[in-house]
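Novice: sequence first, predicted coordinates after that:
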Amino acid sequence: MTANLVATAAHELKTPLTSLRMALHLLADGTAGALQPKQAGEAGAADFGQILKSTLDQVNQAQVDAQKLAQDFSAGSGNASLQDVMMSLQKANLSFQQMVQVRNRLVSAYHDIMNMQV
C-alpha cells in the first residue's frame, strides 16, 4: 500500500516539477528575459517554495510589463510598436496559462493523495 502511495505521488508530481525546472532553466539562461539579481539567486535555490514564488513573480512581472507597454502604445508614445505590444501580451498570456496548468496539476496530485486510504 505504501509503495502504491509513493509511486502515485511521484507520478502526479513529476510533470509539474519538471515544468517548473524547465521554466527556471529558461529563466536562468535568459531565454525568457532578463532576471533581476534577487530572482537569479533564487533560481538556484533548492527550496520548492522559493522556486514557486520566483516563478509566480516572473509571471506577474511579465503581465505588468505587457500592460505598461500596451498603455504606452495606446497613449501614443513612440516607445512601443504594435508588434512589441502584441508579443509582450502573448508572452504574458502563455506564461500565465502554463502557471495555471502547473497549479491545476499540483492540486490534482494533492487531491489524489488525500483521497488515498492508508
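Specialist: Okay, I see it.

Novice: give the buried residues for the longest helix along the chain.
Specialist: Criterion DSSP state H: the longest helix present in the chain is helix 82-115. Residues of helix 82-115 classed as buried: 85, 88-89, 91-92, 95, 98-99, 102, 105-106, 109 (neighbour count, 16 or more other C-beta atoms under 10 Å). All C-beta spots, glycine's among them, are computed from the backbone N, C-alpha and C.

Novice: can you list the residues you listed in TSV and add distance to A62?
Specialist: TSV is the format used below for the buried residues of helix 82-115 (distance: C-beta to C-beta, whole Å):
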residue	distance to A62
V85	13
S88	8
L89	10
K91	6
A92	4
S95	5
Q98	11
M99	10
V102	15
R105	21
L106	20
A109	26
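
Novice: give me the below-cutoff pLDDT ranges for the chain.
Specialist: Scanning the chain for pLDDT under 70 picks out 1-47.

Novice: and for A70, the neighbour number?
Specialist: Neighbour count of A70, defined by other C-beta atoms under 10 Å: 18.

Novice: could you do the one 4 residues further on as well?
Specialist: When neighbours are counted by other C-beta under 10 Å, S74 registers 10.

Novice: so how far is Q63 from it?
Specialist: Distance of S74 to Q63, given as C-beta to C-beta, to the nearest Å: 16 Å.

Novice: for G78, grab phi and psi.
Specialist: Dihedral pair for G78: phi -80, psi 10, per degrees, to the nearest 10.

Novice: that one: how many residues sit nearby?
Specialist: 7.

Novice: now it: how far from N115?
Specialist: 57 Å.

Novice: do S95 as well
Specialist: Distance, S95 to N115, using C-beta to C-beta: 31 Å.

Novice: can you check D57 too?
Specialist: Using C-beta to C-beta, D57 is found at 32 Å from N115.

Novice: ok, the buried residues of helix 82-115 vs F48, which is closest?
Specialist: Nearest to F48 among those is L106, at 10.2 Å by C-beta to C-beta.
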